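Participant: no sequence for this one, just the structure:
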């Protein structure tokens, strides 16, 4: 399936989502906040884009969703990593590191 | 609830999940922003802005869901199929006798149908797969009554090619024997001569290399069979030199595998082809311009023919135009269709058998279906399961049937019935395999539908207890069914035997009665150098010298000289005159004419019915033997022996000393039935020509020609190296 060109950094976004889920099941809002905190709000990710990534990953079998109860006792959909998701994460991480190293080698360290 | 399998995607979540999720998300965002000090209104606006395009997200999600749903369905379908296949195999293992009988029945049916279809396709539908033969004709000459047909002279063929505007292209070819050295010594192969355009007239291109050009002489084109058998399909065969009758020829190309002359009457089994010489009476094939009616073409051909000297300018000869399927003949066609029909019946009966077997089996398995349905399997699901099982049977029957078809085709090639000479080289090609697979698929529906419908029947959705109650009552019914099934199997075996007999009849019909015994009979055409043996005496001496040597060969029971043996005999065209009779000739007579030694009759087992064979020596020069029909026609009610006749008005009279039995020349071309050469004259072999046919009856123990030919060439070389065999 072709990716929507308007999705910001979708490949990277997928990796971020998977990485976030590697610590355990989180709901959609939780994932958004975790990424915001870890990236110190540098990446302007629209929430819609995040949910697209979630749907995409779910369809690909990388993550699994289950209804649960949130901290504030609300019904929320919790996502967790599948075995396949773990593999995808590993692959995406490796790709990213190679990519970053390559770009870094050209542009030099900050 | 069923636990999700690790490798399968769970069924898609309903769209409402997204709405709920986004609702929760927005609330969390609003709470977050309000905690930072925004008013509810501001916080809501910021949360929405942060969200982005929700409509686009929903559309995206919908798309993904649809895709997942499709994938899921496909996966379910495949997993069902896997289950059904496993179930089918298990069923087969549980009732192996049934499976074996069903598969064998189907294999015979499918194989037989496929093999006969191959013949039907070749002889009636499409003689060369992938080549348009609708404008292809064979042209020859025939007498006014249409009883004889003769190939034209090379001169006439050329005149036709040059002078008939309705013909797009005219090609000629002929066969002859040859001593060929492919690199491993001499061997007897059939060498064909042809004009360069035979392939283009047929609409084919050479497989490798090229065909020779019009001016080339010492070049040769191989058939695919020779290329395959002798040269392992190596491309470097091009440019090689091979010797034909001691002369070097360069290989320039290889004919395509499907190369065949699509006319029964002109079928060719040549192994290699060289450019034509002038002294042949070739077969002529041509491509006709579009929309030219046969009558018009015949008129044009006759105009050219009658303008030529010595080609029947008096109008006695007619032109004959035949299309690929004309030559097949009504008898062959009918037999073939009957055979095809019989095979279809075998297949249908096979279907009925298998359906019956499966039905019987389904009755036994009722219990299983009831349980399946009560556990929630839909009718469609049960039908599908059973159809999968029958497809498995059909598939097994099909693959075995391909083997059967192959065997049948090989058997036909082995038997080589005369009228089926065109079937040479017919093998299981891709279209045939597909055709048979289609047949198999159709049959699986035929025999699978009834049991499937039965298994899914409404009456089964009743109670389980019926089963226990009727277990004993059923036994009687089951026994009847078994008898029924056995009867059907017997019927299909009978049909098959009938079909086999039909084939045999067909073969016999094409072969017998010949009026002489061809088995164990070999012939070799011998040409002695004309310049060295100019006188009749010299020729006679070398002929007799060679004959003595040949007769001394091990395993040779008899040998003799003649100029022909049926079906290759001469034809005399002239006015038959009979002594002491005022015979008003009704135009020309066509008489079979064979010049033979006295030993010919004994050797070929042609019976002498009355009188005697002519003696040898000069005293017998004017003695002749006539065929029974000729004797009966000319001297009804009295003996022909002692009468005299001649074939030209000024020739010497010949004395009839004996009457021989009629011989039959298989001529599939005429009416589809072998027609006896009714009027035949035998006259003594006198070495008046430098060419003769050596007829030999060889003991069948020695495997015939392979050993015979080298021995003959060796003998001939010892007598005179210039002798060609």
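Facilitator: Nice, I can see it. For clarity, every value in this text was computed on a predicted model and none was experimentally measured.

Participant: Check which helix or strand the residue positioned nearest the centre of chain A maps to.
Facilitator: Of all residues in chain A, the one closest to the mean position by Cα atoms, centre = their mean is residue A:17, 1.5 Å from it. Secondary-structure assignment from DSSP states H and E places residue A:17 in helix A:10-21.

Participant: Just the buried residues of that helix, please?
Facilitator: Of the residues in helix A:10-21, those buried by neighbour count under the rule 16 or more other Cβ atoms under 10 Å in any protein chain shown are A:10, A:12-21. Placement of C-beta: from N, CA and C, glycine included.

Participant: Give me the distance from that helix to the chain's centre.
Facilitator: Helix A:10-21 has its average C-alpha position 2 Å from the chain's average C-alpha position, going by Cα atoms, centre = their mean, to the nearest Å.

Participant: what's next to that helix, contact-wise?
Facilitator: Identification of contacts with helix A:10-21 by Cβ atoms under 8 Å, 6 or more residues apart in numbering or on different chains yields A:3-4, A:7, A:26, A:31, A:34-35, A:38-39, A:45, A:49-50, A:52-54, A:56-57, A:62-63, A:79-81, A:85, A:88-89, A:92-93, A:96.

Participant: Tabulate the buried residues of helix A:10-21 (CSV), appending pLDDT and distance to residue B:66.
Facilitator: Written out in CSV, the entries for those read as follows (pLDDT from 0 to 100; distance: Cβ to Cβ, whole Å):
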residue, pLDDT, distance to residue B:66
A:10, 59, 20
A:12, 81, 26
A:13, 86, 22
A:14, 88, 21
A:15, 89, 26
A:16, 90, 27
A:17, 91, 22
A:18, 92, 24
A:19, 92, 29
A:20, 92, 27
A:21, 92, 25
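
Participant: same question for the helix or strand hosting residue B:439, mean pLDDT?
Facilitator: Residue B:439 is part of helix B:430-455, with elements assigned from DSSP H and E. Averaging the model's pLDDT scores along helix B:430-455 yields 83.

Participant: and if you look at stretch B:656-664?
Facilitator: The average pLDDT for stretch B:656-664 rounds to 78.

Participant: Next: stretch B:109-119.
Facilitator: pLDDT averaged over stretch B:109-119 equals 87, rounded to a whole number.

Participant: quick one: buried residues of it?
Facilitator: Going by neighbour count (16+ other Cβ under 10 Å), the buried part of stretch B:109-119 is B:109-119.

Participant: Of those, which belong to helices?
Facilitator: With helices defined by DSSP state H, the entries of the buried residues of stretch B:109-119 inside them are B:109-119.

Participant: which of the residues you listed lies closest to chain A?
Facilitator: Distance from chain A was checked for each of these by Cβ to the nearest Cβ. The minimum falls on residue B:110, at 42.7 Å.

Participant: What's the local residue count around the residue of the stretch 51-200 of chain B found nearest chain A?
Facilitator: In the stretch 51-200 of chain B, no residue comes nearer to chain A than residue B:52, which is 3.3 Å away by Cβ to the nearest Cβ. Residue B:52 is flanked by 18 other residues according to other Cβ atoms under 10 Å in any protein chain shown.

Participant: wait, it sits on residue A:45?
Facilitator: No. Using Cβ atoms under 8 Å, residue B:52 is not in contact with residue A:45; the gap is 9.1 Å.

Participant: after the helix holding residue A:17, next one along is what?
Facilitator: Helices and strands here follow DSSP H and E; after helix A:10-21, the next one along the chain is strand A:26-27.

Participant: what's in contact with that following strand?
Facilitator: With Cβ under 8 Å, 6+ apart as the criterion, strand A:26-27 contacts A:20, A:34, A:68, A:70, A:76-79, B:21, B:24.

Participant: before we move on, what about stretch A:54-66?
Facilitator: A:1, A:10, A:14, A:17-18, A:21, A:25, A:28, A:31, A:77-82, A:84-85, A:88-89, B:9-10, B:13, B:17-18, B:60-61, B:64-65, B:67-68.
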